[in-house]
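K.L.:
After the sequence you'll find the predicted model.
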Amino acid sequence: MMSRRRSLTLVLFAMPPPAQPVLKQDIGDILQQIMTITDQSLDEAQARKHALNCHRMKPALFNVLCEIKEKTVLSIRGAQEEEPPDPQLMRLDNMLLAEGVSGPEKGGGSAAAAAAAAASGGAGADNSAEHSDYRAKLSQIRQIYHTELEKYEQACNEFTTHVMNLLREQSRTRPISPKEIERMVSIIHRKFSSIQMQLKQSTCEAVMILRSRFLDARRKRRNFNKQATEILNEYFYSHLSNPYPSEEAKEELAKKCAITVAQVSNWFGNKRIRYKKNIGKFQEEANMYAARTAVNAANASSHGSQANSPSTPNSAGSGGSFNMSNSGDLFMSVQSLNGDSYQGAQVGANVQSQVDTLRHVISQTGGYSEGLTANQMYSPQGINANGGWQDAPTPSSVTSPTEGPGSVHSDTSN
DNA sequence: TATAATGATTTACC
DNA sequence: GGTAAATCATTATA
């Protein structure tokens, strides 16, 4: 319900500049009467209004005042009404639409979540729970946003209707044209849309916070499962002289380990640096994987053509990306089996025969041992004096170790 | 609970 | 753009 003060404000707001022409006394009287209406009781005011409406000068005065208002207030303010759409509001609207808060409900949130997940390179299987959590929270935000928006719209409509009724009522006693009512309505709408903008801004902030938390959650790492680690380690140790998987190899490893290519790259990056930093610590691990690979290779070789195990993605045959000519590392690792460090029981007595078999295969495919002593060939670290695996400090996506084995192992000081 | 292990990120380099 | 190296942050383990 409109208070008396607000009513007075509206009356004053819409009051035109005093008309100068004739009948100054009459006009003054009428204005005075209008002003005093607000200080009167309702009954008195109604009586006064009635008296004013019946005043002989009323129609003429009303028209004159309307005319003057048209010429002054409306013409001045009319120019301001055609405003371009607020760019900030447009940004907010676009963002809410993109994030799935406004617009059609299905898919928006999950798309954003998927994008966030993709950006962080997370594993697919682990994402679903976080995605659903993200979607649930986004849905909450969406619900609150729409509820509030509805409330604002309802309030806006109610207020507009109320003001319009009031102005229509007042138009009987003061000059208010339909155009002016329209203008007043648009002012009200602008006020409410600025409130809506605040709502949209808050909603955007909430979505941004949610999103950043989601990304933070993605940062929470989970250890790869044992099988994935074994696959990666097998590749690493069987390519110890050049542990730089090609893009294809990375993709295949990623597929086999159910992780992303980026995670494969991360893993190899970490592995290389950590291996190099503390070779001794990894020696046992290296021997174990070398032995496993050797056994697999020997078994395969004794059974026929292919010298690779199912769990060795890089081995010749299975993946197609890595053939025996790449297996200088394997040979070196096998060599290490005969060294002092290896005590593994699983290798068994046939290690030497496997070595011989492998030596044969290797000599056929690349003449790997040519020009190198056994000592030179055995380089568990596979790292040169510069601290790198290769002469080139930072190889870029090596498809296969195409350089000669001699260059790889020219320095075995480690 | 301290420490080690490990996946991810950042920065600098080539 | 891929990598080394340092670092961060979380998880696993003794």
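P.N.:
Perfect, thanks for sending it. Numbers count the residues shown, from 1 in each chain, chains lettered A, B, ... in the order given.

K.L.:
Run through the stretch 151-300 of chain A and note the low-pLDDT ranges.
P.N.:
Applying pLDDT under 70 to the stretch 151-300 of chain A picks out residues A:211-220.

K.L.:
for DNA strand B, what are the nearby residues on it?
P.N.:
Neighbours of DNA strand B within the stretch 151-300 of chain A, by C-beta under 7 Å from any atom of the strand: A:218-219, A:221-224, A:229, A:262-263, A:266-267, A:269-270, A:274, A:281. Every residue, glycine included, has its C-beta placed from N, CA and C.

K.L.:
Most neighbours among those, which one is it?
P.N.:
Using other C-beta atoms under 10 Å as the neighbour criterion, A:Trp267 leads those with 23 neighbours.

K.L.:
same for the helix or strand in which that one is found, what does it pack against?
P.N.:
Following DSSP states H and E, one finds A:Trp267 within helix A:261-277. If you count contacts as 3 or more C-beta pairs under 8 Å, 6 or more residues apart in numbering; DSSP states H and E, helix A:261-277 packs onto helix A:226-238, helix A:247-257.

K.L.:
quick one: which of those is nearest A:Gln201?
P.N.:
helix A:247-257 (40.7 Å; C-beta to C-beta).

K.L.:
do that closest one and DNA strand C meet?
P.N.:
Yes. Residues of helix A:247-257 contacting DNA strand C under C-beta under 7 Å from any atom of the strand: A:Glu247.

K.L.:
Would you mind pulling up the elements that that helix packs against?
P.N.:
With contacts defined as 3+ C-beta pairs under 8 Å, 6+ apart, helix A:247-257 has these neighbours: helix A:226-238, helix A:261-277.

K.L.:
then the last one to CSV, C-alphas only?
P.N.:
When you say that, I think you mean helix A:261-277. This file holds the C-alpha atoms of helix A:261-277, laid out as CSV (Å, rounded to 0.1, in the frame of the first residue of the first chain):
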residue,chain,number,x,y,z
VAL,A,261,47.9,-38.4,-23.0
ALA,A,262,48.8,-35.4,-20.9
GLN,A,263,49.0,-37.7,-17.9
VAL,A,264,51.3,-40.1,-19.8
SER,A,265,53.5,-37.1,-20.6
ASN,A,266,53.5,-36.0,-17.0
TRP,A,267,54.3,-39.5,-15.9
PHE,A,268,57.3,-39.8,-18.2
GLY,A,269,58.5,-36.3,-17.3
ASN,A,270,58.4,-37.1,-13.6
LYS,A,271,59.8,-40.6,-14.1
ARG,A,272,62.8,-39.3,-16.2
ILE,A,273,63.7,-36.6,-13.8
ARG,A,274,63.3,-38.8,-10.7
TYR,A,275,65.1,-41.7,-12.2
LYS,A,276,68.0,-39.5,-13.2
LYS,A,277,68.1,-37.9,-9.8
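
K.L.:
what's the next secondary structure element after it?
P.N.:
helix A:279-303.

K.L.:
returning to what we had before: quick one: closest of the helices and strands packed on helix A:261-277 to A:Thr161.
P.N.:
A:Thr161 lies closest to helix A:247-257 among these, at 62.0 Å (C-beta to C-beta).

K.L.:
Return the set of buried residues in the closest one.
P.N.:
Across helix A:247-257, burial judged by 16 or more other C-beta atoms under 10 Å covers A:Ala249, A:Lys250, A:Glu252, A:Leu253, A:Ala254, A:Lys256, A:Cys257.

K.L.:
and the nearest residue to the last one once chain neighbours are set aside, what is it in contact with?
P.N.:
Meaning A:Cys257. Leaving aside its sequence neighbours, A:Cys257 sits nearest to A:Ala228 (C-beta to C-beta, 6 or more residues apart in numbering; 3.5 Å). Contact analysis of A:Ala228 by C-beta atoms under 8 Å, 6 or more residues apart in numbering lists A:Lys256, A:Cys257, A:Ala258, A:Ile259.

K.L.:
what do you get if the cut-off is 10 Å, keeping everything else the same?
P.N.:
Listed by C-beta atoms under 10 Å, 6 or more residues apart in numbering, the contact set of A:Ala228 reads A:Ala123, A:Leu253, A:Ala254, A:Lys256, A:Cys257, A:Ala258, A:Ile259, A:Gln263, A:Val264, A:Trp267.
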